[in-house]
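Engineer: could you work out the structure for the sequence below:
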Amino acid sequence: MVRLLAVLVLLLPLTANANRFLALSDLHFDPLRDPALTDKLAQAPATEWADLLAGGAPSGFGKDTDWTLLTQTLDAMRQAEPHPDFILMPGDFLAHKLDTRFKQNGTRSDAALLDFEAKTLQVIVQQTQQRFPGVPLFPVLGNNDDACGDYRADAADATMSADLPLVRAMLGTPQTSAFETDWARLGSYDVTIEPGVRLIAFDDTFFSRHFKPCDGAADLTPDMTLLAWLHDHLAAARAAGAKVWLMMHIPPGQDVYATLIGAACPAAPATMWRETDRAAYSQLVEEFGDIIAAQFSGHTHMAEFRLVGADGFVIGIPGVSPIYLQNPAFDLITYRPDGALTNRVTMAFSNFADAVKSPAPVWKPADFAAAWSISALNAATLGDVARRLTDRPPGSNPDLARYLLDYSTGHAGVWEAQHLDPVRAARDLACAARDNPMEAFRDCFCPP
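Structural biologist: Numbers count the residues shown, from 1 in each chain. The predicted structure is shown next:
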């Protein structure tokens with residue numbers, strides 16, 4: 001018997017014909033919640049996985065997304081917006097350490113792992129397309145989706161080649177003649193999503209400070225190759241008179257969580273990317289600031305934003321996987337035909353703490369524009385929000401508590417688990433929202 005789905009749907013203060021899309025990130029789908037199913041799943045086609053995996057309550061906080069949470073999330077997305085223009089999916093489809101767990105119970109080959117990972121992606125796509133037939137799905141790979149292991153990739157690695165037919169089917173839109181080459185070489189692509197608006201999606205694992213090339217990699221500086229590719233595609237979009245959205249997995253800037261759990265005031269705060277790549281990308285965003293209308297990322301599992309360059313910003317899409325103790329969530333985002341964003345509403349599984357008791361899921365909306373009294377999402381309005389969060393001492397700034405709660409999609413368990421001061425955490429997250437070189441971030445992170 002199918003459980004009833006309780007969803008709190010926010011009536012957006014927008015016209016009925018507003019452009020809307022859905023975005024979900026960091027699914028980290030784990031088909032091996034029951035390790036005893038490993039061989040059955042490996043032998044079965046993806047179309048038969050539903051029968052093997054169905055049933056049970058979500059596994060709860062601290063775990064990746066199981067079958068129940070995957071289907072509950074997709075059902076909630078359909079109820080929130082049954083006819084989105086498209087769905088953005090900025091990476092990390094595969095569960096943490098899925099490769100290790102797949103191989104630990106037997107002598108399974110690299111080829112068998114690649115096939116298993118491909119079927120895991122196929123199941124995600126099948127379940128999404130069943131609920132959103134004909135809706136384009138725009139993916140990008142995350143660090144957990146790499147063929148050689150976490151943060152280990154190669155230009156033209158096996159995952160990119162294996163996923164090419166599936167990605168082509170996900171897009172559902174005419175691709176450029178270079179699509180196949182760009183995806184197979186860099187896990188990146190450039191497509192038109194609206195007349196005059198292009199989406200440039202790229203695998204920025206190459207920029208990560210954790211990145212290591214696969215053994216025997218031919219291109220030992222894929223970050224430089226990717227930066228050149230981005231420049232060429234942005235220049236082509238400008239020449240065509242188009243606006244651009246950029247989508248990646250890992251946001252640029254500082255890694256606040258890694259910094260917070262380290263020294264109280266570190267000399268060198270942790271960064272998401274190598275600093276040289278962050279600086280080069282920031283310059284790229286400034287150079288093409290006249291055409292870049294928005295940027296999107298995932299990775300942190302939190303509902304965040306970051307400023308990049310003089311006029312750029314990144315919307316961080318919250319994660320579905322509750323492994324970092326945040327409520328599972330997705331975004332409903334509205335935009336104008338010219339690509340300018342007008343609002344984001346984060347839909348969070350607000351009673352997930354009780355999910356193991358199998359109640360009907362309640363998805364609670366958080367309206368960003370209403371909460372911060374802004375009329376659009378752009379560098380100016382988000383810059384104002386960042387200043388409101390950092391222009392007063394943490395102890396006397398009531399905006400910080402609201403930001404932290406929305407950031408962690410209504411559940412601040414991650415801070416409690418690490419015994420971190422939530423007020424300090426909120427202030428430091430606000431510091432990271434600004435496009436700071438490391439020295440400037442440290443000054444904000446460690447005020448006198």
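
Engineer: excluding sequence neighbours, find me the nearest residue to L121.
Structural biologist: F93 (5.6 Å; Cβ to Cβ, 6 or more residues apart in numbering). To be clear about C-beta, it is placed using only N, CA and C from the backbone, and glycine gets the same treatment.

Engineer: residues near L234, how many?
Structural biologist: 22 (other Cβ atoms under 10 Å).

Engineer: scratch that, G62
Structural biologist: So G62, with other Cβ under 10 Å, has 11 neighbours.

Engineer: list the contacts for it?
Structural biologist: Residues in contact with G62 (Cβ atoms under 8 Å, 6 or more residues apart in numbering) are 322-323, 325.

Engineer: rerun at 6 Å
Structural biologist: By Cβ atoms under 6 Å, 6 or more residues apart in numbering, no residues touch G62.

Engineer: quick check: it vs L141, distance?
Structural biologist: As defined by Cβ to Cβ, to the nearest Å, G62 lies at a distance of 25 Å from L141.

Engineer: bridging residues for the closest residue to D26 other than its chain neighbours?
Structural biologist: Leaving aside its sequence neighbours, D26 sits nearest to G319 (Cβ to Cβ, 6+ apart; 3.2 Å). Beta bridges link G319 to S25 when assigned by DSSP bridges.

Engineer: contacting residues around G319?
Structural biologist: 25-26, 301.

Engineer: dump those into JSON lines; add pLDDT as well.
Structural biologist: Formatted as JSON lines, these follow (pLDDT from 0 to 100):
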{"residue": "S25", "pLDDT": "97"}
{"residue": "D26", "pLDDT": "97"}
{"residue": "H301", "pLDDT": "93"}
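
Engineer: which one of the residues you listed sits closest to D145?
Structural biologist: The shortest gap between D145 and any of those belongs to D26, at 10.7 Å (Cβ to Cβ).

Engineer: in this structure that closest one contacts A303, no?
Structural biologist: No: with contact defined as Cβ atoms under 6 Å, D26 does not reach A303; the gap is 11.6 Å.

Engineer: just to revisit the earlier point, how many other residues sit next to the residue nearest to L121?
Structural biologist: Using other Cβ under 10 Å, F93 has 25 other residues around it.

Engineer: one more: P337?
Structural biologist: 11.

Engineer: any idea how far it lies from I193?
Structural biologist: For P337 relative to I193 (Cβ to Cβ), the value is 11 Å.

Engineer: scan this protein for its longest helix.
Structural biologist: helix 110-131 (DSSP state H).

Engineer: give me the helices and strands touching that one, please.
Structural biologist: Helices and strands touching helix 110-131, by 3 or more Cβ pairs under 6 Å, 6 or more residues apart in numbering; DSSP states H and E, are helix 67-80, helix 98-104, helix 158-171.

Engineer: ok but E416 is inside a strand, no?
Structural biologist: No: going by DSSP: H, G, I helix; E, B strand; the rest coil, the assignment for E416 is helix, not a strand.

Engineer: residues in contact with the strand or helix carrying M224?
Structural biologist: Applying DSSP states H and E as the criterion places M224 in helix 222-239. With Cβ under 6 Å, 6+ apart as the test, helix 222-239 has contacts from 155, 186, 190, 198, 200, 206-207, 219, 244, 277, 280, 288, 291.

Engineer: of those residues, which belong to strands?
Structural biologist: 190, 198, 200, 244 (DSSP state E).

Engineer: what bridges to the spatially closest residue to L377 that is not a sequence neighbour?
Structural biologist: Leaving aside its sequence neighbours, L377 sits nearest to L341 (Cβ to Cβ, 6+ apart; 4.0 Å). Beta-bridge partners for L341, by DSSP bridges, are Y335, L377.

Engineer: what's the local residue count around L341?
Structural biologist: Residues near L341, counting by other Cβ under 10 Å: 23.

Engineer: hmm, it is touching A379, no?
Structural biologist: No: the pair L341 and A379 does not pass the contact test of Cβ under 6 Å, sitting 10.9 Å apart.

Engineer: list the buried residues for the helix holding M224?
Structural biologist: Buried residues in helix 222-239, counting neighbours by 16 or more other Cβ atoms under 10 Å, are found at 222-223, 226-227, 229-230, 233-234, 237-238.

Engineer: make a markdown table out of those and add distance to M77.
Structural biologist: Below are the buried residues of helix 222-239 laid out as a markdown table (distance: Cβ to Cβ, whole Å):
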| residue | distance to M77 |
| --- | --- |
| P222 | 33 |
| D223 | 33 |
| L226 | 30 |
| L227 | 34 |
| W229 | 31 |
| L230 | 30 |
| H233 | 29 |
| L234 | 31 |
| A237 | 29 |
| R238 | 34 |
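
Engineer: thought T65 was touching L27?
Structural biologist: Yes: here T65 lies in contact with L27, judged by Cβ under 6 Å, at a distance of 5.3 Å.

Engineer: find residues that contact each of those two.
Structural biologist: With Cβ under 6 Å, 6+ apart as the test, T65 and L27 both reach V320.

Engineer: right, and the helices and strands packed on helix 110-131 - which one's nearest R388?
Structural biologist: Among these, the nearest to R388 by Cβ to Cβ is helix 67-80 (28.1 Å).

Engineer: I'd like the average pLDDT over that closest one.
Structural biologist: For helix 67-80, mean pLDDT is 96.

Engineer: chain center to the helix or strand just after it: distance?
Structural biologist: Proceeding N to C from helix 67-80, the next assigned helix or strand is strand 87-89, under DSSP H and E. On the basis of Cα atoms, centre = their mean, to the nearest Å, strand 87-89 sits 9 Å off its chain's mean C-alpha point.

Engineer: what lies in contact with strand 87-89?
Structural biologist: 22-23, 137-139, 296.

Engineer: of all these, which two lie farthest apart?
Structural biologist: Largest pairwise distance in the contacts of strand 87-89, by Cβ to Cβ, is 13.9 Å, between L137 and F296.

Engineer: those two: which has the busier surroundings?
Structural biologist: F296 (26 against 20).

Engineer: which residues does the more buried one bridge with?
Structural biologist: M247, I315.

Engineer: my guess is it contacts I315. True?
Structural biologist: Yes: contact criterion Cβ under 6 Å: F296 and I315 qualify, at 5.3 Å.

Engineer: quick check, pLDDT for the nearest residue to C446 once chain neighbours are set aside.
Structural biologist: Leaving aside its chain neighbours, C446 sits nearest to C265 (4.0 Å; criterion: Cβ to Cβ, 6+ apart). Confidence at C265, expressed as pLDDT, is 74.

Engineer: report how many residues lie close to C265.
Structural biologist: 11.

Engineer: separation between it and L405?
Structural biologist: 25 Å.

Engineer: same question, R392
Structural biologist: Distance from R392 to L405, counting by Cβ to Cβ: 18 Å.

Engineer: so, low pLDDT: which residues of the stretch 201-350 of the chain?
Structural biologist: Judged by pLDDT under 70, the stretch 201-350 of the chain has its weakly predicted residues at 215-220, 262-264.
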